[in-house]
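Engineer: Sequence isn't available, so here's the structure alone:
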Ligand SMILES: Cc1cc2nc3c(=O)[nH]c(=O)nc-3n(C[C@H](O)[C@H](O)[C@H](O)COP(=O)(O)OP(=O)(O)OC[C@H]3O[C@@H](n4cnc5c(N)ncnc54)[C@H](O)[C@@H]3O)c2cc1C
Ligand SMILES: NC(=O)c1ccc[n+]([C@@H]2O[C@H](COP(=O)([O-])OP(=O)(O)OC[C@H]3O[C@@H](n4cnc5c(N)ncnc54)[C@H](O)[C@@H]3O)[C@@H](O)[C@H]2O)c1
């Protein structure tokens, strides 16, 4: 059969862009299909706008707290339309990086429109059929909106439309205590909204419990109301705004409702059945190489079952481009997957949390913790809250947590230890610039190996040498 392209990639988010770019760099002829904005969720409705809003909120927070460094603390006058513009400025600045022009320049053919699989090796877009021996599905996800009585009759926000707000919400109800809910709760609170977060279980359910507690204490200290073990039942509008009723009967009032209760995959109209691709509500089923039940069709990024981060999407995009181009099987290995929640303080995790490790390995694990109150840089910044935690099984690091200012920038050496590209001994013997929070990564690594350095053999040898000199 003669195909129109070597590979068809559906979706130009982080996963599809990295994959199609990689394929073109290996000299293949990829077709990239996108129905909405190039760059997908991360650029348009996810990481970029959220981190820009968080940056605005940081400024407001610093203004309120300037007195601790000798300047007048002032209550910021927030022009929320200008904040909106700053958020969109960030998107516009990064946009060219993900643009049609850039990818066409790399050798990717880009078609705009809704893609639908019409057979195992064919895809239709706007009446035109394209064919390829390999297809990569990278259609991403969108906000999952749980069934809540009355929701269809009230306005509500998700990560899709929250960036269009040009007026600050008076009282924001956030449903969901995952990374989206908690990052947005703190940002809106610092910009001046009253905020109440209602969530099932506890906030940050996937993170280290000790680290999560530090962030939760900060958020409640900043005036965010947190309602644990909460599940939404119904919502209604009255003269004051919205009333959300929880399944246990408690009610929460607010002017706006932001739903951040997880993701669902963009399956609609994709024709997965026609191509024999199996899926369920968690996502498209894939093996470690990201092959679907139809082995010549791959699914990468948010649309498959697994971790949903921009860096995971990019990693899988690169792996699959390599596998298709060079015929080398590439398996995704997430033992050292880091993730960071950009609250203040930041919350960063890689590998297993202490609780997960205890469940799997029981008392075979050891835990090494260094608190930032012993760190000179943290003291000079008056930001001593937080810690570094290493979880080891024998001499191997299997997990790491950092909570505190800049935690996300400190997690990489721990990822390297877990991935076997470095070791606690290697990190403990590095020269770390002073004063720097990464001294605590070194300190935790050293503490975990201290017994190997200062033991009866080394002490005995030192005493022997000293006696000979005397
Ligand atoms: C508010 C928020 C903040 C986030 N912050 C972070 C963060 O700080 N760090 C981090 O790592 N991750 C973050 N994430 C997660 C991150 O945005 C996603 O994991 C990532 O964008 C997924 O990339 P993707 O390419 O798999 O999917 P997407 O970005 O969703 O891209 C899929 C693309 O496919 C297109 N598409 C879908 N169906 C079709 C079709 N039938 N035909 C043609 N095109 C189609 C869509 O239009 C979309 O452009 C955040 C997410 C949100 C919502
Ligand atoms: N900094 C980052 O890396 C970052 C930031 C934002 C989002 N993301 C990614 O985006 C994805 C989605 O984030 P998210 O926070 O929406 O999802 P999530 O699944 O991580 O968290 C959802 C939260 O909502 C709660 N919840 C679910 N249903 C509920 C209900 N009916 N009522 C009350 N609470 C309910 C859950 O218990 C959980 O706490 C995640 O996979 C995450 O990886 C990453």
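Structural biologist: Nice, thanks for sending it over. Owing to the predicted nature of the structure, the values given are computational and were not obtained by experimental measurement. Ligands and ions are numbered 1, 2, ... in the order given.

Engineer: buried sites along stretch 90-110?
Structural biologist: 90-91, 94-95, 98, 100, 102-103, 107-110 (16 or more other C-beta atoms under 10 Å). Every C-beta, even on glycine, is put in place using the N, C-alpha and C of the backbone.

Engineer: Briefly note if that stretch comes near ligand 1.
Structural biologist: No - Stretch 90-110 stays clear of ligand 1 (C-beta under 6 Å from any ligand atom), getting no nearer than 9.6 Å.

Engineer: quick one: average pLDDT of that stretch?
Structural biologist: In this model, stretch 90-110 has a mean pLDDT of 98.

Engineer: now stretch 248-255
Structural biologist: pLDDT averaged over stretch 248-255 gives 97.

Engineer: Same check on stretch 11-30?
Structural biologist: pLDDT averaged over stretch 11-30 gives 98.

Engineer: Tell me how far residue 156 lies from residue 370.
Structural biologist: 43 Å (C-beta to C-beta, to the nearest Å).

Engineer: How about residue 435?
Structural biologist: The value you get for residue 435 to residue 370, if C-beta to C-beta is used, is 15 Å.

Engineer: Leaving out sequence neighbours, find the closest residue to residue 65.
Structural biologist: residue 73 (6.1 Å; C-beta to C-beta, 6 or more residues apart in numbering).

Engineer: which residue ranges form the helices in the stretch 251-400 of the chain?
Structural biologist: Assigned by DSSP state H, counting those that start in this stretch, the stretch 251-400 of the chain shows helices spanning 310-326, 354-361, 376-380.

Engineer: Tell me which of these is the most buried.
Structural biologist: With neighbours taken as mean count of other C-beta atoms under 10 Å, those reach their highest mean count in helix 310-326, at a mean of 22.

Engineer: How about that helix and ligand 1, any contact?
Structural biologist: Yes - judged by C-beta under 6 Å from any ligand atom, helix 310-326 and ligand 1 are in contact via 310-311, 313.

Engineer: Check which helices and strands that helix sits against.
Structural biologist: helix 14-25, strand 134-137 (3 or more C-beta pairs under 8 Å, 6 or more residues apart in numbering; DSSP states H and E).

Engineer: got the contact list for whichever residue of the stretch 51-200 of the chain sits closest to ligand 2?
Structural biologist: At 2.1 Å from ligand 2, residue 178 is the closest residue in the stretch 51-200 of the chain, using C-beta to the nearest ligand atom. Each residue near residue 178 by C-beta atoms under 8 Å, 6 or more residues apart in numbering is listed here: 199, 203-206, 260-262.

Engineer: And the residue in the stretch 201-350 of the chain that ligand 1 sits nearest to, how close does it get to residue 43?
Structural biologist: Per C-beta to the nearest ligand atom, residue 301 is where the stretch 201-350 of the chain lies closest to ligand 1, at 2.3 Å. Remark: distance between residue 301 and residue 43 (C-beta to C-beta) = 14 Å.

Engineer: go on, residue 244?
Structural biologist: On the measure of C-beta to C-beta, residue 244 and residue 43 end up 31 Å apart.

Engineer: Tell me which of those two has more neighbours.
Structural biologist: residue 244 (26 against 23; other C-beta atoms under 10 Å).

Engineer: that's a strand at that one, yeah?
Structural biologist: Yes - the assignment for residue 244 by DSSP: H, G, I helix; E, B strand; the rest coil puts it in a strand.

Engineer: Correct me if wrong: it contacts residue 255.
Structural biologist: No - using C-beta atoms under 8 Å, residue 244 is not in contact with residue 255; the gap is 11.8 Å.

Engineer: Count residues in the vicinity of residue 393, would you?
Structural biologist: 15.

Engineer: isn't it right next to residue 367, touching?
Structural biologist: No - at 10.7 Å, residue 393 does not count as touching residue 367 under the criterion of C-beta under 8 Å.

Engineer: coming back round to it: show me the contacts of residue 178 that map onto strands.
Structural biologist: Judged by DSSP state E, strands contain none of these.

Engineer: Would you mind checking the residues you listed for buried ones?
Structural biologist: 199, 203-204, 260-262.

Engineer: Can you tell me which residues in the stretch 251-400 of the chain are near ligand 2?
Structural biologist: Counting by C-beta under 6 Å from any ligand atom, the stretch 251-400 of the chain sits next to ligand 2 at 260-263, 308-309, 339-342.

Engineer: Skipping its backbone neighbours, what lies nearest the residue nearest the centre of the chain in space?
Structural biologist: Central residue of the chain (C-alpha atoms, centre = their mean): residue 309, 4.5 Å from the mean position. Here the nearest residue to residue 309 in space, its sequence neighbours aside, is residue 339; by C-beta to C-beta, 6+ apart that works out to 5.7 Å.

Engineer: What of residue 365?
Structural biologist: residue 357 is the one closest to residue 365 (C-beta to C-beta, 6+ apart), at 4.8 Å.

Engineer: And that neighbour, how close does it get to residue 423?
Structural biologist: From residue 357 to residue 423 the distance is 18 Å (C-beta to C-beta).

Engineer: Could you count how many residues lie near residue 216?
Structural biologist: 22.

Engineer: which strands and helices sit next to the helix or strand where it lies?
Structural biologist: Here residue 216, judged by DSSP states H and E, is contained in helix 209-221. Applying 3+ C-beta pairs under 8 Å, 6+ apart, we find helix 209-221 packed against helix 179-191, strand 225-227, strand 346-351, helix 354-361, strand 387-393, strand 396-404.

Engineer: rerun at 10 Å
Structural biologist: Helices and strands touching helix 209-221, by 3 or more C-beta pairs under 10 Å, 6 or more residues apart in numbering; DSSP states H and E, are helix 179-191, strand 194-198, strand 225-227, strand 338-341, strand 346-351, helix 354-361, strand 387-393, strand 396-404.

Engineer: Could you list the residues in contact with the shortest one?
Structural biologist: In this case it means strand 225-227. 171, 173-175, 177, 182, 185, 189, 194-199, 202-203, 216, 219-220, 244, 246, 250, 252 (C-beta atoms under 10 Å, 6 or more residues apart in numbering).
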